[in-house]
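Asker: Have a look; sequence and predicted model below, questions after that.
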Amino acid sequence: IQAEKNGYAHFMLKEIYEQPRAVRDTLRGRISAASGHIELPGLDLSHDEIVHAERILIASCGTSWHAGLVGKFLLERMVRIPVEVDYASEFRYRRPIMRSRDIGLLISQSGETADTLAAQLEMIAGDIPTLSICNVVDAALTRKARGSITTNAGPEIGVASTKAFTAQIAALLTLSLYFAQCRKTMPQEAVQSILRELEVLPKAMEEALRTSAPVCARLAKIFSNATDVLFLGRGIHYPIALEGALKLKEISYIHAEGYPAGEMKHGPNALIDETLPVVCLATKDGDDPDSVLKYEKTLSNIQEVTARGGRVIAIVVEGDTAVSSLVEHTITIPRASEALLPILETVPLQLLAYFIAVEKGCDVDQPRNLAKSVTVE
Ligand code: G6P
């Protein structure tokens with residue numbers, strides 16, 4: 001087993017470092033920036049079905065559910081199609097409404113999660129086509145799905161999902177751009193511009209790994225004795241805050257919560273004191289008025305935390321000065337468009353959770369009470 005870790009101390013660390021490769025392999029053969037062409041032959045939906053679809057229903061569990069939330073943002077933004085995201089374990093019990101022009105989308109690393117399979121059965125019974133985004137080619141989920149996108153992350157051993165998650169987001173980006181092209185909801189130039197960025201995304205991820213690893217290792221020493229940690233994000237960054245919190249609680253057993261930054265004043269502000277580390281996703285994605293506005297809102301949320309003595313760790317993009325001057329600690333990642341930032345932001349959050357868990361002497365690859373694949377409901 002030691003050999004399979006390739007010299008890394010844990011499978012989780014190896015898998016964190018495999019992410020640029022996992023994302024590259026998930027995009028490979030499917031996108032071409034030069035031609036502007038996107039290909040998803042495994043999808044098996046007709047052009048008409050895509051053009052006339054009225055809604056997408058996503059169901060998944062755990063980390064894959066967070067990918068679903070990112071997917072909702074991407075699809076609604078790029079395709080202007082309404083998307084609902086459910087925990088698979090909740091989907092069937094709320095007697096979900098399904099209509100003939102809905103498309104079901106199940107997201108799963110293993111393709112064997114019982115709740116996700118049950119949600120798929122519910123969708124099939126509701127007579128809507130189901131698609132899967134799955135890391136295992138011949139899993140129960142993909143066998144029953146009408147169409148599939150395989151995330152080519154390779155086998156994931158660490159119980160806490162890492163490379164499967166960023167590969168799922170890469171698959172969702174491809175799907176969103178593909179639908180946007182079919183439905184002509186984005187100018188081709190805008191599609192191509194994201195494709196160009198996607199082609200260099202693995203390089204940017206390598207850069208994020210290189211620059212953030214030493215910072216996260218240092219921060220882990222400072223914060224490993226925390227009893228609670230808050231993770232804040234707005235918009236597309238909110239699911240990444242949820243994922244950062246989940247990673248930390250899974251492997252370090254520290255209570256952590258992800259919250260939408262704007263909701264702080266409706267409750268969590270009461271928790272803030274000088275013992276509470278607050279991880280803020282404060283990445284600026286451009287200089288257009290919309291990006292500046294979102295960034296300024298995040299800045300004011302950070303000020304709310306620092307004014308109450310909270311200890312902020314901010315994730316920022318290269319060249320940021322405004323956030324850095326406000327907070328105790330920053331972790332820098334490369335600049336990118338909004339749609340790609342979730343993947344880059346995930347890298348330091350995984351590393352932070354990893355180093356804190358190691359600092360605490362936890363069993364990183366096999367956390368207590370958890371299983372890699374939950375095949376019971
Ligand atoms: C388990 C794992 C998680 C995973 C979840 C969903 O809880 O520990 O890491 O996110 O199942 O698994 P799936 O294989 O469906 O993505």
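Answerer: That came through, no problem. Everything quoted here is computed from the prediction, not taken from an experiment. Residues are numbered from 1 along each chain as shown.

Asker: Per-residue pLDDT of the residue nearest to Asn152 when sequence neighbours are not counted, please?
Answerer: Distances taken as Cβ to Cβ, 6 or more residues apart in numbering place Asp25 nearest to Asn152, at 3.7 Å, with adjacent residues excluded. C-beta here means a position set from N, CA and C on the backbone, and glycine is covered the same way. Here, the pLDDT recorded for Asp25 equals 98.

Asker: What lies in contact with whatever helix or strand Asp25 lives in?
Answerer: For Asp25, the host element (DSSP states H and E) is helix 19-27. The contact list for helix 19-27, computed with Cβ atoms under 8 Å, 6 or more residues apart in numbering, reads 150-154, 162-164, 166-167, 170-171, 174, 198-199, 201-203, 205-206, 209, 343, 347.

Asker: Buried subset of the residues you listed, written for ChimeraX?
Answerer: Filtering those down to the buried ones (16 or more other Cβ atoms under 10 Å) takes a single ChimeraX command:
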select :150,151,152,153,162,163,164,166,167,170,171,174,198,201,202,205,206,209,343,347
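
Asker: Would you mind listing what in the stretch 151-300 of the chain touches the ligand?
Answerer: Contact residues (Cβ under 6 Å from any ligand atom) of the stretch 151-300 of the chain with the ligand: Val159, Ala160, Ser161.

Asker: do that again at 8 Å, thanks
Answerer: Val159, Ala160, Ser161, Ala164, Phe165, Glu250 (Cβ under 8 Å from any ligand atom).

Asker: and the helix holding Asp25, C-alpha only, in PDB?
Answerer: Only the C-alpha atoms of helix 19-27 are listed here, as PDB (Å, rounded to 0.1, in the frame of the first residue of the first chain):
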ATOM      1  CA  GLN A  19      -6.000  17.200  -9.100                       C
ATOM      2  CA  PRO A  20      -4.300  19.100 -12.000                       C
ATOM      3  CA  ARG A  21      -4.000  15.700 -13.800                       C
ATOM      4  CA  ALA A  22      -7.600  14.700 -12.800                       C
ATOM      5  CA  VAL A  23      -9.000  17.900 -14.200                       C
ATOM      6  CA  ARG A  24      -6.900  17.700 -17.400                       C
ATOM      7  CA  ASP A  25      -8.100  14.100 -18.000                       C
ATOM      8  CA  THR A  26     -11.700  15.100 -17.400                       C
ATOM      9  CA  LEU A  27     -11.500  17.900 -20.000                       C
END
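
Asker: Who are the contact partners of Tyr93?
Answerer: Applying Cβ under 8 Å, 6+ apart, no residues contact Tyr93.

Asker: Using the three-state scheme, assign it.
Answerer: Look at Tyr93: counting by DSSP: H, G, I helix; E, B strand; the rest coil, its state is helix.

Asker: Who are the packing partners of the strand or helix carrying Phe73?
Answerer: Assigned by DSSP H and E, Phe73 falls within helix 62-79. Under the contact criterion of 3 or more Cβ pairs under 8 Å, 6 or more residues apart in numbering; DSSP states H and E, helix 62-79 touches strand 55-60, strand 83-87, strand 102-108, helix 163-183, helix 238-252.

Asker: low pLDDT regions in the stretch 1-150 of the chain?
Answerer: In the predicted model of the stretch 1-150 of the chain, residues 1-3 satisfy pLDDT under 70.

Asker: how about the residues of it that lie near the ligand?
Answerer: Checking the stretch 1-150 of the chain against the ligand by Cβ under 8 Å from any ligand atom, the hits are 60-65, 88, 107-113, 116, 135, 141.

Asker: which residues are in contact with stretch 170-181?
Answerer: Taking Cβ under 8 Å, 6+ apart as the rule, stretch 170-181 contacts 23, 26-27, 30-31, 38, 40, 43, 50, 53, 67, 70-71, 74-75, 77-79, 81, 107, 133, 149, 151, 185-186, 188, 191, 194-195, 198, 201, 339-340, 343.

Asker: Would you indicate which residues of that stretch are buried?
Answerer: Ala170, Ala171, Leu172, Leu173, Thr174, Leu175, Ser176, Leu177, Tyr178, Phe179, Ala180, Gln181.

Asker: Is it possible to get CSV of those residues that adds pLDDT?
Answerer: Formatted as CSV, these follow (pLDDT from 0 to 100):
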residue, pLDDT
Ala170, 98
Ala171, 98
Leu172, 98
Leu173, 98
Thr174, 98
Leu175, 98
Ser176, 98
Leu177, 98
Tyr178, 98
Phe179, 98
Ala180, 98
Gln181, 97
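
Asker: Give me the angle between the helix holding Asp25 and helix 163-183.
Answerer: In terms of direction (axes from the mean of the first three to the mean of the last three Cα atoms, to 10 degrees), helix 19-27 departs from helix 163-183 by 30 degrees.

Asker: distance between helix 19-27 and the chain's centre?
Answerer: 14 Å (Cα atoms, centre = their mean, to the nearest Å).

Asker: Check which element follows it along the chain.
Answerer: Using DSSP H and E, the helix or strand that directly follows helix 19-27 along the chain is strand 31-32.

Asker: what's in contact with that next one?
Answerer: Here strand 31-32 has contacts from His37, Ile38, Glu39, Thr174, Leu177, Leu195, Leu198, Glu199, using Cβ under 8 Å, 6+ apart.

Asker: Then stretch 40-50?
Answerer: Applying Cβ under 8 Å, 6+ apart, the contact partners of stretch 40-50 are 30, 103, 129, 131, 146-150, 174-175, 178-179, 182-183.

Asker: before we move on, back to that, are any of the contacts of stretch 170-181 buried, and if so which?
Answerer: So, by 16+ other Cβ under 10 Å, the buried ones in those are 23, 26-27, 30-31, 38, 40, 43, 50, 53, 67, 70-71, 74-75, 77-79, 81, 107, 133, 149, 151, 185-186, 191, 194-195, 198, 201, 339-340, 343.

Asker: what about Gly29, how many neighbours?
Answerer: Using other Cβ atoms under 10 Å, Gly29 has 10 other residues around it.
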